[in-house]
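S.K.: A predicted structure for the sequence below; I have some questions about it.
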Amino acid sequence: MNWLRGKIDADQLRRGAKSKKAYSLLAATSFLESALLPLSVDIIALPMMVGSPKRAFKVAHVALLASLAGGLLGYLIGFAFLETLGQWIISTYRLETAFHEFQQQAAENVWAAVTAIFLGAVTPIPFKLVCIGAGVLKINLAIFLAAAFAGRALRFYAFALAFKLFGPYVRTWAEQHLKWFGLIVLAVTILGFIAVIYWPH
């Protein structure tokens, strides 16, 4: 994450956004973030969109597909491995209270579950929380995928559309303030975890 420390200039960011390694890193991060990693894929996706606004929708496509695949992994962990890997993930990120709250609400009303999955997919709330929870509750897989797809698509394509429409303006500001841009993205990710830890309702 050299760009977070201000060690990457605008030209390097533009070159990096077009490299195959960047897309591989994006896909891997998006996949693992949905089930395991504590960091948001936005830390990779947004700088790539800054570096190459014309490819913003390609970035969104890759992030969406990899994230859905990772969501399926999270669902599988909740479905079959809650007592081992699932419990470790939940306790490591201090998501016990939020996880219990999700289970209670989702078990009572399927639409509450769909809403929670959608919000987990579209907001900074850790997506892994609802993916694992959906697996534990054995929520219909098609319903889970539909809600996850809707939320993740809205999130990634909204960013892509913004960069497509306002790319030059966003890019100019971001390139001039790379470190601050990175810190803002990181802060939003951290706030998502804080929100579910301390304000689960």
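M.R.: It's in.
S.K.: pLDDT (mean, whole number) over the longest helix along the chain?
M.R.: Determined from DSSP state H, the single longest helix within the chain is helix 141-176. Computed over helix 141-176, the mean pLDDT rounds to 85.
S.K.: Now do it: which elements does it pack against?
M.R.: Under the contact criterion of 3 or more Cβ pairs under 8 Å, 6 or more residues apart in numbering; DSSP states H and E, helix 141-176 touches helix 42-51, helix 56-80, helix 110-122, helix 127-136. The way it works is simple: take the backbone N, C-alpha and C, and place the C-beta from them, glycine included.
S.K.: Pick the most deeply packed of those helices.
M.R.: Ranked by mean neighbour count, those are led by helix 127-136 with a mean of 28 (mean count of other Cβ atoms under 10 Å).
S.K.: returning to what we had before: the helices and strands packed on helix 141-176: which one's closest to residue 30?
M.R.: Closest to residue 30 of these, according to Cβ to Cβ: helix 56-80, at 3.8 Å.
S.K.: for that closest one, packing partners?
M.R.: When contacts are defined as 3+ Cβ pairs under 8 Å, 6+ apart, helix 56-80 packs onto helix 20-33, helix 42-51, helix 127-136, helix 141-176.
S.K.: which one of the ones you listed lies closest to residue 87?
M.R.: The nearest among the helices and strands packed on helix 56-80, by Cβ to Cβ, is helix 127-136 at 9.5 Å.
S.K.: ok, and what's touching that closest one?
M.R.: 33-36, 67, 70-80, 82, 86, 89-90, 93, 95, 98-99, 102-103, 106, 113, 116-117, 119-121, 144, 148, 152, 196 (Cβ atoms under 8 Å, 6 or more residues apart in numbering).
S.K.: Would you mind giving the orientation angle of that helix with respect to helix 141-176?
M.R.: Relative orientation of helix 127-136 versus helix 141-176 (axes from the mean of the first three to the mean of the last three Cα atoms, to 10 degrees): 180 degrees.
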